[in-house]
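Enquirer: Only the shape, not the letters, is given here:
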């Protein structure tokens, strides 16, 4: 599968240059506030460069259409060749010709953009920064600095520009002690996810004039949408990927909209707000989706909205299968994406989502997490779960997993779940970025993609890498084992019998002796009980009314390889060598 690489040197040099603007801000701005100036100015310069070649033609078109009494907007969009335009006589360079009126002229320039761009700058709250920069005597200096760099797509590709935005956001987030990795995902992880998402559809995506939709409910700066678009373009330059997204962080949202605008996407499809509590694309379904929701973030602030939807709509809403614990909302995003899948009868969907380890196993039978796992496995929705190396993300070093979910599985995958342990597939980064110390090379991405595509069990050097299970292998019945209550608590005492109700004449359970057992779904409960429990507690019985079905995916257990301990003679010899060295050192000190 082809992958798209950004120009690392260009990205590094450009982000370093833009970052040098911070030298001008130092003193008047706190480091945590640098992004409020640098990010919107970077976007503005990008838009400025994109429109440069059509500036004269757009102004002439505006005059002509207004003289004819026509609404110029559709004509201006056509003339600019973009989904936006600017009707000001100014651009950033001509603004430099009037230092005394830089503030009012810059405002006029911003106001002359088409409505979509004006909305971006409202999200940045940029007018407040113009005021602050003007009062500090910095506005002209900052604007002038940005006129010296060329951010036209011919000089800086969309991929490189996206990487620059992400690098800047990471730096600003670190300075303000925010969760830097909330806003974006390492590009090589996105490339892997895109490969996995499209691999089974390569033939269909290569057909002339194909149109597909892609959705990211945690869009950040639009990195996942962008990489997916670039990848599909390599498969089929004539294919059209219509992109949709929603983002909670206003700066990331503004950058995402700007990026989509430049790429010719309809930015009405990019929504601001909290995906879980206020679905901005309610009722819409998609062919594909990608998401890297925040890891382990509580959802207490939106609990009322989530519970209301779950209770009132049930399975007609997004959260019918269950709700996870308040401390980790990751599985809410999984359920949200399932609700966004195109029905299988209409062609179905596939999506990829990055989750931490807890959604695999947290919560016993009957818990919200277990019920969600039960829903996705009993409905045969999960194709594969891939374990990534640790230290892959900018804000955390924890283990992470890519889930590939589909309601249109190929025949060979029906009823199956493939686990791939790619935790050893990494190379050390030349420079650590936050918590990110490791990265996937193109060869690693190709290898993981191959393992997924071939759908076989694979062992390398005696270590399992890919394993295939039946969905039911992850299910179990939790049975409640009761022991009788005896008189005076004496183990040899008489069994106390119930005096009324349905328990009349039957042994009463002793709650202090109550226990539970997990029985694999494929195993007969009575046979298990007779084999595993009765030999140790002949008076025990199962309270069938308390039996619950649970599901967990103990990923690491399935890839554990027993390593026998070293022989004692070898360990003794090593200890003796250490002891001898210590004695020799002590003897040297006493001489």
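Expert: On my side now, so go ahead. Because the structure is predicted, anything quoted here is derived from the model rather than measured.

Enquirer: And stretch 153-167, how far out from the chain middle?
Expert: Per Cα atoms, centre = their mean, to the nearest Å, the displacement of stretch 153-167 from the mean C-alpha position of its chain is 21 Å.

Enquirer: buried sites along that stretch?
Expert: When burial is assessed from 16 or more other Cβ atoms under 10 Å, stretch 153-167 yields the following buried residues: 156-167. All C-beta atoms are positioned from the backbone trio N, CA, C, and that covers glycine.

Enquirer: just stretch 491-510 next, same as before
Expert: Of the residues in stretch 491-510, 507, 509 count as buried by neighbour count, 16+ other Cβ under 10 Å.

Enquirer: That stretch spans what distance, first to last residue?
Expert: 11 Å (Cα to Cα, to the nearest Å).

Enquirer: Pull the residues that contact it.
Expert: Surrounding stretch 491-510, the residues in contact under the criterion Cβ atoms under 8 Å, 6 or more residues apart in numbering are 482-487, 539, 541, 543.

Enquirer: Apply 7 Å and report the result again.
Expert: When contacts are defined by Cβ atoms under 7 Å, 6 or more residues apart in numbering, stretch 491-510 is touched by residues 482-487.

Enquirer: Least confident of those residues?
Expert: Of all the contacts of stretch 491-510, residue 487 has the smallest pLDDT value, namely 88.

Enquirer: before we move on, the earlier item: out of the contacts of stretch 491-510, which sit inside strands?
Expert: Of the positions in the contacts of stretch 491-510, residue 482 sit in strands, assigned by DSSP state E.

Enquirer: In PyMOL, how would I select just the buried ones from the contacts of stretch 491-510?
Expert: For selection in PyMOL, the members of the contacts of stretch 491-510 meeting the burial criterion (16+ other Cβ under 10 Å) are listed in this command:
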select buried, resi 482+483+484+485+486
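
Enquirer: Next, residue 542: phi, psi?
Expert: Comment: the main-chain dihedrals of residue 542 come out as phi -100, psi 130, following degrees, to the nearest 10.

Enquirer: typed the wrong thing, it's residue 239
Expert: Per-residue torsions, residue 239: phi -70, psi 150 (degrees, to the nearest 10).

Enquirer: Show me the residue sitting in the middle of this structure in space.
Expert: By Cα atoms, centre = their mean, the mean C-alpha position of the chain lies nearest to residue 292, the distance being 0.3 Å.

Enquirer: how much space between that residue and residue 393?
Expert: When distances are taken as Cβ to Cβ, to the nearest Å, residue 292 and residue 393 turn out to be 8 Å apart.

Enquirer: try residue 117
Expert: Computed as Cβ to Cβ, the residue 117 to residue 393 distance reads 32 Å.

Enquirer: do the same with residue 129
Expert: The value you get for residue 129 to residue 393, if Cβ to Cβ is used, is 30 Å.

Enquirer: now do residue 449
Expert: 20 Å.

Enquirer: now stretch 269-280: mean pLDDT?
Expert: Stretch 269-280 comes out at a mean pLDDT of 95.

Enquirer: For it, buried residues please.
Expert: In stretch 269-280, the ones that count as buried by 16+ other Cβ under 10 Å are 269-272, 274-277, 279-280.

Enquirer: Out of the residues you listed, which sit inside strands?
Expert: Counting by DSSP E, the buried residues of stretch 269-280 contribute 270-272 to strands.

Enquirer: Of these, which is the nearest to residue 402?
Expert: residue 270 (23.8 Å; Cβ to Cβ).

Enquirer: Now for that closest one: which residues touch it?
Expert: Residues counted as contacts of residue 270 (Cβ under 7 Å, 6+ apart) are 219, 245, 256-257, 260.

Enquirer: mind putting the residues you listed in TSV, pLDDT and neighbour count included?
Expert: Listed next are those as TSV, based on pLDDT from 0 to 100; neighbours: other Cβ atoms under 10 Å:
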residue	pLDDT	neighbour count
219	93	33
245	96	29
256	90	33
257	91	28
260	86	25
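
Enquirer: before we move on, back to that, in terms of neighbours, single out the busier of residue 129 and residue 393.
Expert: residue 393 (25 against 20; other Cβ atoms under 10 Å).

Enquirer: got a list of what that one touches?
Expert: Neighbour list for residue 393: 181, 186, 400, 435-436 [criterion: Cβ under 7 Å, 6+ apart].

Enquirer: Closest to residue 323 out of these?
Expert: Nearest member of the contacts of residue 393 to residue 323, counting by Cβ to Cβ, is residue 400, at 22.5 Å.

Enquirer: What is the burial count for the closest residue to that closest one other than its chain neighbours?
Expert: What sits nearest to residue 400 in space, not counting adjacent residues and going by Cβ to Cβ, 6 or more residues apart in numbering, is residue 388, at 4.8 Å. Using other Cβ under 10 Å, residue 388 is surrounded by 24 other residues.

Enquirer: In contact with residue 388, which residues?
Expert: Residue 388 touches 189, 400-402, 422-423, counting by Cβ under 7 Å, 6+ apart.

Enquirer: give me that answer again for 10 Å
Expert: Contacts of residue 388 were listed using Cβ atoms under 10 Å, 6 or more residues apart in numbering, and they are 186, 189, 192, 354, 399-402, 420-423, 425-426, 438, 440, 448.

Enquirer: Need phi/psi at the residue nearest to residue 55 when sequence neighbours are not counted.
Expert: Nearest in space to residue 55, with sequence neighbours left out and distances taken as Cβ to Cβ, 6+ apart, is residue 91 at 6.3 Å. The phi/psi pair for residue 91 (degrees, to the nearest 10) reads phi -130, psi -180.

Enquirer: Likewise for residue 395?
Expert: With angles defined as degrees, to the nearest 10, residue 395 sits at phi -110, psi 0.

Enquirer: Compute the number of surrounding residues for it.
Expert: Residues near residue 395, counting by other Cβ under 10 Å, number 19.

Enquirer: now residue 36
Expert: Applying other Cβ under 10 Å, I find that residue 36 has 20 neighbouring residues.

Enquirer: can you tell me the helix or strand for it?
Expert: Here residue 36, judged by DSSP states H and E, is contained in helix 35-51.

Enquirer: What mean pLDDT does that helix get?
Expert: Predicted confidence along helix 35-51 averages 92 (mean pLDDT).

Enquirer: now do stretch 401-416
Expert: 97.

Enquirer: Quick one, grab the pLDDT at residue 159.
Expert: Per-residue pLDDT puts residue 159 at 77.

Enquirer: Dihedrals phi and psi, it?
Expert: Residue 159 adopts backbone torsions of phi -60, psi -40, taken as degrees, to the nearest 10.

Enquirer: again, but for residue 243
Expert: phi -100, psi 140.

Enquirer: Check the one 5 residues further on too.
Expert: The phi/psi pair for residue 248 (degrees, to the nearest 10) reads phi -90, psi -30.

Enquirer: same question, residue 437
Expert: Note on residue 437: backbone dihedrals following degrees, to the nearest 10 are phi -120, psi -10.

Enquirer: can you count the residues close to the residue lying closest to it once chain neighbours are set aside?
Expert: The spatially closest residue to residue 437, leaving aside those adjacent along the chain, is residue 391, at 4.2 Å (Cβ to Cβ, 6+ apart). By other Cβ under 10 Å, the residues close to residue 391 number 21.

Enquirer: Just the element for residue 391, please.
Expert: Element membership for residue 391 (DSSP H and E) is empty, with no helix or strand holding it.

Enquirer: Might you report the residue contacts of it?
Expert: For residue 391, the set of contacting residues under the criterion of Cβ under 10 Å, 6+ apart consists of 397-400, 426, 428-429, 432, 434-439.
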